[in-house]
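Visitor: Quick one: sequence plus predicted model below, questions after.
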Amino acid sequence: MNKIQYHYTNLAKQAFILTLFIYILLRFLIMMEIIIFKIDKYYEATNIPLTLLLYALLFVILITLFFGHKFCYSVYNENSLTYYNRLLRKSRTLDLTQVKTAVFDTMGVKFYTDEKKNVSDKPDFFLPFFRDGIIQALQIDKFYKKMKADEKVTVYKTFKVLPGYSNKWKFVAIAYGFLAVVTFMSCATPLTVVIVLFQSH
């Protein structure tokens with residue numbers, strides 16, 4: 001069995017999610033100090049169950065975003081391709097021996113089992129390039145060569161550089177890097193509040 005996995009988009013995005021997690025964690029610590037120390041005015045105005053539920057939801061969302069690229073993957077052999085989504089607990093399988101056309105497009109690979117279908121039609125099976133991350137270049141290249149070697153399959157490729165790996169994505173990394181720095185700097189205020197509240201009680 002061969003595997004096709006996903007990789008996080010870039011380190012800057014991971015750094016941004018991590019700093020956002022730290023920021024929310026600091027705000028959570030402030031809320032916990034308000035609850036534990038029963039700080040006047042703030043404690044009475046706090047809906048404790050709803051607040052804890054909200055923070056738990058935020059932590060789950062951030063952890064899911066940080067590790068999101070690991071939830072989806074595909075496995076294939078000579079006869080079949082199976083796409084898994086562990087987060088939704090779903091999977092789809094394609095019989096590769098029935099494939100007539102494979103289109104490596106900008107968003108993923110489209111498979112058609114009917115020769116009469118046009119490549120602009122809805123595919124019979126779709127393998128996405130992006131799932132909270134980008135597809136592993138070497139693994140998808142190996143799969144592309146396998147499909148190309150099959151004389152029964154017509155293979156098209158609509159790009160020169162694998163989507164997610166071109167230079168234009170560097171601007172996305174810069175944007176995430178900027179957001180990470182801004183978020184990290186914003187951590188100073190809640191960190192100070194956490195320390196002050198702890199020292200005063």
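Guide: Looks like it came in fine.
Visitor: Strands of the protein, start to end?
Guide: 2-7, 72-76, 80-85, 90-95, 101-104, 108-112, 125-128, 134-135, 154-157 (DSSP state E).
Visitor: ok now the first one, how far from the chain's centre?
Guide: A distance of 13 Å separates the centroid of the chain from that of strand 2-7, by CA atoms, centre = their mean, to the nearest Å.
Visitor: for the fourth one, same thing?
Guide: Relative to the centre of its chain, strand 90-95 is centred 20 Å away, using CA atoms, centre = their mean.
Visitor: Just list what it packs against, helices and strands only.
Guide: Packing contacts for strand 90-95, counted by 3 or more CB pairs under 8 Å, 6 or more residues apart in numbering; DSSP states H and E, involve strand 80-85. Every residue, glycine included, has its C-beta placed from N, CA and C.
Visitor: who does the strand it packs on pair up with?
Guide: Take DSSP bridges as the rule and strand 80-85 pairs in its sheet with strand 72-76 (antiparallel), strand 90-95 (antiparallel).
Visitor: and among these, the most buried is which?
Guide: Per-stretch averages of neighbours, counted by mean count of other CB atoms under 10 Å, single out strand 72-76 among the strands paired with strand 80-85, with a mean of 21.
Visitor: Can you check what angle separates it from strand 108-112?
Guide: Angle, strand 72-76 to strand 108-112, by axes from the mean of the first three to the mean of the last three CA atoms, to 10 degrees: 50 degrees.
Visitor: contacts for strand 72-76?
Guide: With contacts defined as CB atoms under 8 Å, 6 or more residues apart in numbering, strand 72-76 is touched by 1-6, 81-87, 96, 127-128, 131-132, 143, 146.
Visitor: do that again at 6 Å, thanks
Guide: Applying CB atoms under 6 Å, 6 or more residues apart in numbering, the external contacts of strand 72-76 come out as 1, 2, 3, 4, 5, 6, 82, 83, 84, 85, 131.
Visitor: can you redo the strands paired with strand 80-85 as a markdown table with mean pLDDT?
Guide: Converted to a markdown table, these look like this (pLDDT from 0 to 100):
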| stretch | mean pLDDT |
| --- | --- |
| strand 72-76 | 97 |
| strand 90-95 | 97 |
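Visitor: Check this structure for its longest helix and report it.
Guide: helix 11-37 (DSSP state H).
Visitor: In contact with residue 13, which residues?
Guide: Contact partners of residue 13, counting by CB under 6 Å, 6+ apart, are residue 176.
Visitor: Among the strands of the chain, show me which one is buried the most.
Guide: Buried most deeply of those, by mean count of other CB under 10 Å, is strand 134-135, with a mean of 24.
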